[in-house]
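In: Based on what follows, work out the 3D shape:
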Amino acid sequence: MSDTSTIRTTAGYSFPRVRLRRLRRTESLRALVRETEISPQDLILPLFIREGTSVRNDIASMPGVRQQSVDLVLSEIKTAWELGIRAILLFGIPDHKDEVGSQAYDEHGVVQIAVREIKDRFPEMIVITDVCLCEYTSHGHCGVIRDGDVQNDDSLELLARTALSHVRAGADIVAPSNMMDGTVLAIRELLDAEGFQHVPIMAYSAKYASCFYGPFREAAESAPAFGDRRSYQMDPANVREAIREVDMDVIEGADIVMVKPALAYLDVISKVKERFDLPVAAYNVSGEFAMVKAAAMNGWLDERRAVMEILTSIKRAGADMIISYHSLDVCRWLSG
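Out: Numbering: from 1, shown residues only. Purely as a prediction, here's the structure:
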């Protein structure tokens, strides 16, 4: 007998009695033993809402994604619902911006109007709203600026007011993405005081200062007018800090925690999932989307296989839900 007969596996069994390829022979067998699968219920569709009517602006760096006024985005939401998607994430793009992002917390702002119309048409769709100031400020930063610096504590009241205005309009979940210390607590306290104890917070807990946000900043028209966001978003080199950020948000009252971006931070997703017993969201961000699209358009990758492999890896790492611009395509592929 050859030496291969003594090769041992970690389970204590040996080849040739054990042949792992037996369960890989056919697609039916592979499906039977598959450990991780993507379903429409795993996906959250991000949408960019523009003020006005009959507005549809394609985003050059994100093929297939566009800014839309609420009257046009309703048809996309209808398609999403029919494909099995049960949650959307809204980003607002106002016509007017100022130093303090006042349109973010205006009761008649673009997101607030959109939430009311969407919930009227699709009451069962889970509407999540992004809570940040960067799309609404003239300087493009996520908080109040003084002497060229983002003021953490002065920004908290405006961020909490923004969340409250979204909830009053009918938002099911608010998602603070600004990375100001204490944001979750400020929002939780204000929502509770106003009688909205039942509304969950999805915290962008571990949000890294990533180059993969480039296309998003075109889509949301939110690039900083000066400097960058590294003084409040996380250093890509750090994982222990991510655990501290998540821990702080959990203590302050987060109901769902998020890691953003996803693909370059699978290790962070895994560690967060192992450490905390809250649902974990992961954001498959614009740069990750754009890379696949560009490669597929050049014939360098099979788009469908690449997207499914990426999303499966994100879920396998521990994500309970995935925010992805691929969501509609994935649901179409899954439906055959």
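In: can you give me the mean pLDDT across the helix of greatest length in the chain?
Out: The helix that spans the most residues within the chain, counting by DSSP state H, is helix 152-169. Mean per-residue pLDDT for helix 152-169: 95.
In: Next SSE downstream of the helix or strand bottoming out on mean pLDDT in the chain?
Out: Of all helical and strand segments in the chain, the minimum by mean pLDDT, DSSP states H and E falls on helix 214-220, at a mean of 76. Downstream of helix 214-220, the next assigned helix or strand under DSSP states H and E is helix 240-252.
In: partners of the following helix or strand past that next one, with directions?
Out: The element immediately downstream of helix 240-252 (helix or strand, assigned by DSSP H and E) is strand 256-260. Next to strand 256-260 in the sheet, as set by DSSP bridges, lie strand 202-207 (parallel), strand 280-284 (parallel).
In: Of all the ones you listed, which one is nearest residue 55?
Out: strand 280-284 (25.0 Å; C-beta to C-beta). C-beta coordinates here come from the backbone N, C-alpha and C atoms, glycine included.
In: can you list the residues that contact that closest one?
Out: Applying C-beta atoms under 8 Å, 6 or more residues apart in numbering, the external contacts of strand 280-284 come out as 44, 202, 204, 256-263, 269, 272-273, 310-311, 314, 317-326.
In: In helices, which of these appear?
Out: Per DSSP H, these map to helices at 269, 272, 273, 310, 311, 314, 317.
In: export those to TSV and tack on pLDDT, distance to residue 27 and neighbour count?
Out: Listed next are the ones in helices among the contacts of strand 280-284 as TSV, based on pLDDT from 0 to 100; distance: C-beta to C-beta, whole Å; neighbours: other C-beta atoms under 10 Å:
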residue	pLDDT	distance to residue 27	neighbour count
269	98	28	25
272	98	33	27
273	98	29	19
310	98	20	21
311	98	19	24
314	98	23	27
317	98	24	22
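In: Quick check: of the residues you listed, which lies closest to residue 189?
Out: In terms of C-beta to C-beta, no member of those lies closer to residue 189 than residue 272, at 24.3 Å.
In: can you pull the contacts of that closest one?
Out: Contacts of residue 272 (C-beta under 8 Å, 6+ apart): 205, 206, 242, 243, 246, 257, 259, 280, 318.
In: How about the third one, nearest residue that isn't a chain neighbour?
Out: Take residue 242 and drop its neighbours on the chain: the residue closest to it by C-beta to C-beta, 6 or more residues apart in numbering is residue 206, 3.8 Å away.
In: State the distance from the one you found to residue 311.
Out: Residue 206 sits 19 Å away from residue 311, going by C-beta to C-beta, to the nearest Å.
In: Likewise for residue 170?
Out: Taking C-beta to C-beta, one finds residue 170 at 29 Å from residue 311.
In: before we move on, the earlier item: would you format the ones in helices among the contacts of strand 280-284 as JSON lines with distance to residue 335 included?
Out: Converted to JSON lines, those look like this (distance: C-beta to C-beta, whole Å):
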{"residue": "269", "distance to residue 335": "27"}
{"residue": "272", "distance to residue 335": "31"}
{"residue": "273", "distance to residue 335": "28"}
{"residue": "310", "distance to residue 335": "19"}
{"residue": "311", "distance to residue 335": "15"}
{"residue": "314", "distance to residue 335": "21"}
{"residue": "317", "distance to residue 335": "25"}
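In: Pick out whichever of these sits closest to residue 162.
Out: Looking across these and measuring by C-beta to C-beta, the closest to residue 162 is residue 272, at 25.4 Å.
In: can I assume the residue nearest to residue 242 is in contact with residue 262?
Out: No - taking contacts as C-beta atoms under 8 Å, residue 206 lies outside contact range of residue 262: 10.7 Å.
In: Where do the strands of the stretch 51-200 of the chain begin and end?
Out: 56-58, 66-69, 87-93, 126-131, 144-146, 149-151, 173-176 (DSSP state E, counting those that start in this stretch).
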